[in-house]
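Trainee: any chance you could fold what I've pasted below:
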Amino acid sequence: MQIECPLTRASILLQHTSIISMLKITTILNWPHIKQRLDFEFRRIKRKGILHIVRKTISHLTSIALWFFLLPMTFLLHFAGYRRVTVFTDRIGHLALEPDCLLKEQALGYIPKHKWFMLAPPGRVANEHLLSYWEPHFLIIRQPMLCYLIGSMSKWLLMRYDISHYILAVNKAQAVYRLYSEWGNKPPILKLSHEDEQWAAVKLRELGLPKGAWFVCVHVREPGFSPVDEELHSHRNASIENIIPAIQEITSRGGWVIRVGDSTMTPIIKMPMMIDYAHHPMKSPRMDIILCAKTKFFLGNTSGIAIVSSVFGVSCALANMIPVSALSVGFQDITMHKLLWSKALDRYLTFPEIMVSPVANFVYPSQYRDSGILLEENSAEDIKMLANEMFELLVNRDKSVSELKLKPISMFLPHHYGYGATNYILNPSRQYGVCTQKKAINDAA
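Mentor: Below is the predicted model of the structure:
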């Protein structure tokens, strides 16, 4: 319904909760980031129409009224130790990593224990089976009206524990890297339950895995998963074709490959010892978690599904990572970033050049376009090399970090997202060395 709303632009902002949350932290955001988010939110509001705006306005004003009305009860619950953890349950990466970070921070002694709880209304949970793994540690509130009521009570200050600093801090270090570095090689907080182990023993055979076979989960992000905000994340996508040599390398070593993802993904060509689970009839939330927890390692990219492996203590090798200051989170993970080609300089940007410029923290496609920077995917051979490096690391987990890998980590500054990480960056000299001739790049990217 494309009718102009009679509300002013300012009132539209006030009724939209996500924008309000964004405006509360404007002091730490730069203007391009604010503008990108605001433009996106305005376009989304326009698409949904005036009725959606009216409903959201009423809901938000009612929530504010409830906050004031229930303030005495909120005080009592707050001082009784109840804290709502602001987990973004809609996305699997957040649902995996945010509770894990909080529990690690608590175990490391940085925050006191509280009576933690999460709001998880129906339709707002990326994976119910993963959520069930957090039930021993958090009170999970699922009933919609109760979620709305308690969400209103914990809207500001009291009974609220904001965890955005773990992986949603803007233009500053994400706390996840410091926490995972300090956690090191301690056992993970999550491990598969006995029931899931027994279930997997049967179901993995039905999926096509021989008894006793090991496997590697692979994933390449594509645009079909979340069309509503794809304009903000399209630069994170990559081509499934470039992972095929890595798949062949894994199977040549005797392992199986399970391609994970969702049904909107491009079907992959059939290969021996490879299962396209993304399009398999046995795909389920339970199987998603079990595969990520039992894989030998996870070969992925800038997408949340790999983090499920991380919280179960599985190593990840992530290709095509972007922004350049972002890394995989695990203590012994390996990251390979996308290449950045400068139109103005007519060459690739070097790693040192990127890390001393705002480009290192660019999180939106428009930022690269406006800066005249083209993104290039890692080549098939590079991703195969990444898989081989992970095999080498798994064989010798005490392997010391080479000078080549230490150098880029030392270039991270406190405002970089990955500052504090102690894992690996693969072959930065090859990726970010100054090139005299331009490779073939899709200029439309």
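Trainee: quick check, central residue of the protein?
Mentor: residue 304 (3.5 Å; Cα atoms, centre = their mean).
Trainee: give the contact list for the closest residue to that residue other than its chain neighbours.
Mentor: Closest residue to residue 304 apart from its sequence neighbours, by Cβ to Cβ, 6 or more residues apart in numbering: residue 93 at 2.1 Å. The C-beta positions use only the backbone N, C-alpha and C, and glycine is treated the same way. Each residue near residue 93 by Cβ atoms under 8 Å, 6 or more residues apart in numbering is listed here: 167, 303-308.
Trainee: can I get these in a markdown table including distance to residue 209, pLDDT and secondary structure?
Mentor: Formatted as a markdown table, the contacts of residue 93 follow (distance: Cβ to Cβ, whole Å; pLDDT from 0 to 100; DSSP: H, G, I helix; E, B strand; the rest coil):
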| residue | distance to residue 209 | pLDDT | secondary structure |
| --- | --- | --- | --- |
| 167 | 32 | 95 | coil |
| 303 | 23 | 92 | coil |
| 304 | 24 | 93 | coil |
| 305 | 19 | 96 | helix |
| 306 | 20 | 97 | helix |
| 307 | 23 | 97 | helix |
| 308 | 19 | 98 | helix |
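Trainee: ok, so of those, who is nearest residue 339?
Mentor: Taking Cβ to Cβ as the measure, residue 339 sits nearest to residue 303 out of the contacts of residue 93, at 18.7 Å.
Trainee: look up phi and psi at the closest one.
Mentor: Main-chain torsions, residue 303, degrees, to the nearest 10: phi -150, psi 150.
Trainee: correct me if wrong: the residue nearest to the centre of the chain contacts residue 94.
Mentor: Yes: counting by Cβ atoms under 8 Å, residue 304 touches residue 94, with 6.8 Å between them.
Trainee: so what sits against both of these two?
Mentor: Taking Cβ under 8 Å, 6+ apart as the criterion, residue 304 and residue 94 both touch residue 126.
Trainee: run through who's touching stretch 94-105.
Mentor: Stretch 94-105 is contacted by residues 85, 87-89, 111, 116, 118, 125-127, 130-131, 134, 137-138, 161, 163, 166-167, 175-176, 179-180, 183, 189-190, 304, 307-308, 310-311, 329 when judged by Cβ under 8 Å, 6+ apart.
Trainee: and stretch 102-110, what's buried?
Mentor: For stretch 102-110, the neighbour count (16 or more other Cβ atoms under 10 Å) marks 102-106 as buried.
Trainee: cool, and stretch 231-244?
Mentor: Residues of stretch 231-244 classed as buried by neighbour count (16+ other Cβ under 10 Å): 232-233, 235-238, 240, 242-244.
Trainee: between those residues, which is nearest residue 278?
Mentor: residue 240 (9.9 Å).
Trainee: for the closest residue in space to the closest one that isn't next to it in sequence, what are phi and psi?
Mentor: Of all residues beyond its chain neighbours, the one nearest residue 240 is residue 220 (4.8 Å), with distances taken as Cβ to Cβ, 6+ apart. When quoted as degrees, to the nearest 10, the phi and psi of residue 220 stand at phi -130, psi 120.
Trainee: go on, residue 161?
Mentor: Phi and psi for residue 161, reported as degrees, to the nearest 10, are phi -130, psi 110.
Trainee: try residue 140
Mentor: Backbone torsions of residue 140, given as degrees, to the nearest 10, read phi -100, psi 120.
Trainee: next: residue 88.
Mentor: phi -90, psi 90.
Trainee: which one is it nearest to, not counting chain neighbours?
Mentor: Ranked by Cβ to Cβ, 6+ apart and with sequence neighbours excluded, the top spatial neighbour of residue 88 is residue 94, at 3.8 Å.
Trainee: then whichever strand or helix holds that neighbour to PDB, C-alphas only?
Mentor: With elements taken from DSSP states H and E, the one containing residue 94 is helix 92-107. Taking Å, rounded to 0.1, in the frame of the first residue of the first chain, the C-alpha atoms of helix 92-107 are listed here in PDB:
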ATOM      1  CA  ILE A  92      21.500 -18.200  13.900                       C
ATOM      2  CA  GLY A  93      24.900 -16.600  14.300                       C
ATOM      3  CA  HIS A  94      23.600 -14.200  16.900                       C
ATOM      4  CA  LEU A  95      21.600 -17.000  18.600                       C
ATOM      5  CA  ALA A  96      24.800 -19.100  18.800                       C
ATOM      6  CA  LEU A  97      27.400 -16.500  19.700                       C
ATOM      7  CA  GLU A  98      25.800 -13.900  21.900                       C
ATOM      8  CA  PRO A  99      24.700 -16.300  24.700                       C
ATOM      9  CA  ASP A 100      28.000 -18.100  24.400                       C
ATOM     10  CA  CYS A 101      30.000 -14.900  24.900                       C
ATOM     11  CA  LEU A 102      27.900 -14.000  28.000                       C
ATOM     12  CA  LEU A 103      28.500 -17.400  29.600                       C
ATOM     13  CA  LYS A 104      32.200 -17.300  28.800                       C
ATOM     14  CA  GLU A 105      32.500 -13.700  30.200                       C
ATOM     15  CA  GLN A 106      30.800 -14.900  33.300                       C
ATOM     16  CA  ALA A 107      33.000 -18.000  33.600                       C
END
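Trainee: each with direction, which strands does the following helix or strand past it pair with?
Mentor: Sequence order places strand 115-119 as the next helix or strand after helix 92-107, per DSSP H and E. Applying DSSP bridges, strand 115-119 is found paired with strand 82-85 (parallel), strand 139-141 (parallel).
Trainee: distance from strand 115-119 to the middle of the chain?
Mentor: In terms of Cα atoms, centre = their mean, to the nearest Å, the gap separating the centre of strand 115-119 from the centre of its chain is 21 Å.
Trainee: just the buried positions in that strand, please.
Mentor: 116-119.
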